[in-house]
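*Asks:* How does the following fold in three dimensions:
(chains A, B, C and D)
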There are 2 protein chains.
Amino acid sequence: MQDGSRHDEPRLGAGLRRPRLLSVEKNMTTGKHLDRRSVAGPTVTRADVRDAALTLFALRGFHGTSLKQVAQAVELRTPSLYNHIDSKADLLQDIVLTTLVEVNDEFEQALAFDEDPRGQLERATHIYVLHHAVHRREALVVNQDTQHLPEPFLSEAQALRRRHERRFRQVIAEGVDAGQFEVPSAKLASFAVREMCVSVARWFDAAGPLSATDVADTYTLHALRLVGAR
Amino acid sequence: MQDGSRHDEPRLGAGLRRPRLLSVEKNMTTGKHLDRRSVAGPTVTRADVRDAALTLFALRGFHGTSLKQVAQAVELRTPSLYNHIDSKADLLQDIVLTTLVEVNDEFEQALAFDEDPRGQLERATHIYVLHHAVHRREALVVNQDTQHLPEPFLSEAQALRRRHERRFRQVIAEGVDAGQFEVPSAKLASFAVREMCVSVARWFDAAGPLSATDVADTYTLHALRLVGAR
DNA sequence: CCTACCGATCGGTAGG
DNA sequence: CCTACCGATCGGTAGG
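*Replies:* This next block holds a predicted model:
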């Protein structure tokens, strides 16, 4: 990888994947931009714009990122972004809601695997950590910027979040009822476990000594201990 | 309390203490603002401005808050804020650095109380949770907006954070060495415990059924279990 | 995909 | 403490 742009660095605020830079450069003779459609190579897609926004939103926050910066990252002029998006909020909505739906889907799949609360907590925690390690940028944007979604998307996002919360707590409560777990409060235990997992996105480094699976394994142990699993 | 403005509501994004509204109103006859210095009652202080900024930054983020909003919250015009502050970033710096110094001080006091790693972890966790429940707004701003500090304050804030991280991990490592704790990784355990505590600021409700001390007690148990305390 | 341009708002200053 | 005002930048549109 010649420019190293796919290399994840360790520090938050500097360690996120950088947006793809196209090889088409400004024409130094005329000062004009080449028409991308007239040269070889791919055109910018909505996915490219989304990816650039994802990186920048994760790094600087939604309100700390301008569309000009997004445009620069994909080597377009700001108005050209509107060929791919409806608005700045549209980008945020796409990122946040897609991510929350994915998290809920993964969660339900984890639960469906077996009916034992201990097994369910193990799988749900593992996949949740894995998600936050692998999809760091998405997780950071969801955590930082969900509040900035316009309605009705804010309500939709909050509903998805609450669903995950409720189902997670339910698993712990069922474990308590089954005599497998023992906690002062299923609610506080679920809050603690979930936030512990979420925070992995803030420091995880794919280039570091620990793989996402390593971290997920350890955090699953943390969760089992926290709920007093026998 | 007549206007209920000190009442903390449960939901994040709506439940933070609202800034103090002074009783001096716009003169409805002339449309002009009364000179606060010529009437009875307190003048706006820097502390008032800081408090209003604290609430708004916690609610909408640093870049999501305008100085006009801060000014409105203390019933001033925007330029008048500059009698109390040097810049918008000045407000953020005050909030973030003061909070981080306090957290470190509280932490060191907790450690000084005894030399037993288990006792140290208990006290450090307890005070850390308590801080995040009692100073929700400060904690939210530190977590959301530290990244937006200009240098050299950003570096200073990061150093204070790393110090807390390092010392916290040290306590866990010492507990492991003493045979009191058992963890796969002192680093991951300290990350997990700290972030679990920090997240309390996101949902704690002073008007809810659980007191800050209740939550701190439960989270201290979570921490002890997580590190495998005997 | 671009250039040209829009009104609104931003943080901040001058001057009283 | 205010009014008046500054240049810069914002998200977004018109029109090709």
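*Asks:* tell me which parts of chain A are close to chain B?
*Replies:* With C-beta under 8 Å from any C-beta of the partner chain as the criterion, chain A meets chain B at residues A:12-13, A:60-64, A:144, A:147-148, A:184-185, A:188-189, A:191-192, A:195-196, A:198-200, A:202-203, A:210, A:215, A:217-219, A:221-222, A:225-226, A:228. Where you see a C-beta, it was placed from the backbone N, CA and C, and this is true even at glycine.
*Asks:* In PyMOL, how would I select just the buried ones from those?
*Replies:* Per 16 or more other C-beta atoms under 10 Å in any protein chain shown, the buried members of the residues of chain A next to chain B correspond to this PyMOL selection:
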select buried, chain A and resi 12+60+61+62+63+64+144+147+148+185+188+189+191+192+195+196+198+199+200+202+203+210+215+217+218+219+221+222+225+226+228
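*Asks:* Sort out for me which of the residues of chain A next to chain B are in helices.
*Replies:* A:60, A:144, A:188-189, A:191-192, A:195-196, A:198, A:200, A:202-203, A:215, A:217-219, A:221-222, A:225-226 (DSSP state H).
*Asks:* Return the distance of the residue positioned nearest the centre of chain A relative to DNA strand D.
*Replies:* Nearest residue to the geometric centre of chain A (C-alpha atoms, centre = their mean): residue A:138, 2.1 Å. Distance, residue A:138 to DNA strand D, using C-beta to the nearest atom of the strand, to the nearest Å: 20 Å.
*Asks:* what about residue A:91, which helix or strand?
*Replies:* Take DSSP states H and E as the rule and residue A:91 turns out to sit in helix A:88-112.
*Asks:* does DNA strand D sit close to that helix?
*Replies:* Yes: for a cut-off given as C-beta under 7 Å from any atom of the strand, helix A:88-112 has contacts with DNA strand D, namely A:88-89.
*Asks:* Could you chop chain A up by domain?
*Replies:* For chain A, automatic domain parsing gives the domain ranges A:1-85, A:88-226.
*Asks:* worst average pLDDT in these?
*Replies:* Mean pLDDT is lowest for domain A:1-85 out of the domains of chain A, coming in at a mean of 69.
*Asks:* And the nearest residue in space to residue A:230 that is not next to it in sequence, how far from DNA strand C?
*Replies:* Excluding the flanking residues, the one nearest residue A:230 by C-beta to C-beta, 6 or more residues apart in numbering or on different chains is residue A:180, at 6.2 Å. According to C-beta to the nearest atom of the strand, residue A:180 stands 51 Å off from DNA strand C.
*Asks:* so how far is residue B:225 from residue A:180?
*Replies:* Counting by C-beta to C-beta, to the nearest Å, the gap from residue A:180 to residue B:225 is 15 Å.
*Asks:* picking that back up, near DNA strand C at all, the helix holding residue A:91?
*Replies:* No: for helix A:88-112, no contact with DNA strand C is found by C-beta under 7 Å from any atom of the strand; the gap never falls below 12.3 Å.
*Asks:* And that helix, how far out from the chain middle?
*Replies:* 9 Å (C-alpha atoms, centre = their mean, to the nearest Å).
*Asks:* got a list of contacts for stretch A:173-181?
*Replies:* A:116-118, A:121, A:172, A:182-183, A:186, A:189, A:227-230 (C-beta atoms under 8 Å, 6 or more residues apart in numbering or on different chains).
*Asks:* Return the member of those nearest to residue A:75.
*Replies:* Minimum distance to residue A:75 across these is 46.1 Å, recorded for residue A:121 (C-beta to C-beta).
*Asks:* Around DNA strand D, pick out the residues from chain A.
*Replies:* A:65-69, A:78-79, A:82, A:87-89.
*Asks:* what would these look like in a markdown table with neighbour count?
*Replies:* Output for the residues of chain A next to DNA strand D, formatted as a markdown table (neighbours: other C-beta atoms under 10 Å in any protein chain shown):
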| residue | neighbour count |
| --- | --- |
| A:65 | 23 |
| A:66 | 13 |
| A:67 | 18 |
| A:68 | 11 |
| A:69 | 16 |
| A:78 | 13 |
| A:79 | 9 |
| A:82 | 11 |
| A:87 | 12 |
| A:88 | 18 |
| A:89 | 14 |
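*Asks:* Now tabulate these in CSV and tack on distance to residue A:102.
*Replies:* Listed next are the residues of chain A next to DNA strand D as CSV, based on distance: C-beta to C-beta, whole Å:
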residue, distance to residue A:102
A:65, 22
A:66, 27
A:67, 25
A:68, 29
A:69, 26
A:78, 29
A:79, 31
A:82, 27
A:87, 23
A:88, 22
A:89, 20
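*Asks:* quick revisit: the domains of chain A into JSON lines, with extra columns for distance to residue B:108?
*Replies:* What follows is these, written out as JSON lines (distance: least, C-beta to C-beta, whole Å):
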{"stretch": "domain A:1-85", "distance to residue B:108": "25"}
{"stretch": "domain A:88-226", "distance to residue B:108": "23"}
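*Asks:* In the helix holding residue A:91, which residues are buried?
*Replies:* Under 16+ other C-beta under 10 Å, the buried positions of helix A:88-112 are A:88, A:90-97, A:99-100, A:103, A:106-107, A:110-111.
*Asks:* Phi, psi for residue A:61 please.
*Replies:* Main-chain dihedrals, residue A:61, degrees, to the nearest 10: phi 80, psi 160.
*Asks:* Name the nearest residue to it, ignoring sequence neighbours.
*Replies:* Distance criterion C-beta to C-beta, 6+ apart; nearest residue to residue A:61, sequence neighbours excluded, is residue A:144 at 5.5 Å.
*Asks:* Confirm for me that residue A:196 is in contact with residue B:196.
*Replies:* Yes: at 4.7 Å, residue A:196 counts as touching residue B:196 under the criterion of C-beta atoms under 8 Å.
*Asks:* thinking again about what came up before, how far off helix A:186-198 does the helix holding residue A:91 point, in degrees?
*Replies:* Counting by axes from the mean of the first three to the mean of the last three C-alpha atoms, to 10 degrees, helix A:88-112 lies at 120 degrees to helix A:186-198.
*Asks:* Not counting sequence-adjacent ones, nearest residue to residue A:54?
*Replies:* Distance criterion C-beta to C-beta, 6+ apart; nearest residue to residue A:54, sequence neighbours excluded, is residue A:137 at 4.8 Å.
*Asks:* and that neighbour, how far is that from DNA strand C?
*Replies:* Here residue A:137 is placed at a distance of 22 Å from DNA strand C (C-beta to the nearest atom of the strand).
*Asks:* Filter the contacts of stretch A:173-181 down to the buried ones.
*Replies:* A:117-118, A:121, A:172, A:183, A:186, A:189, A:227-229.
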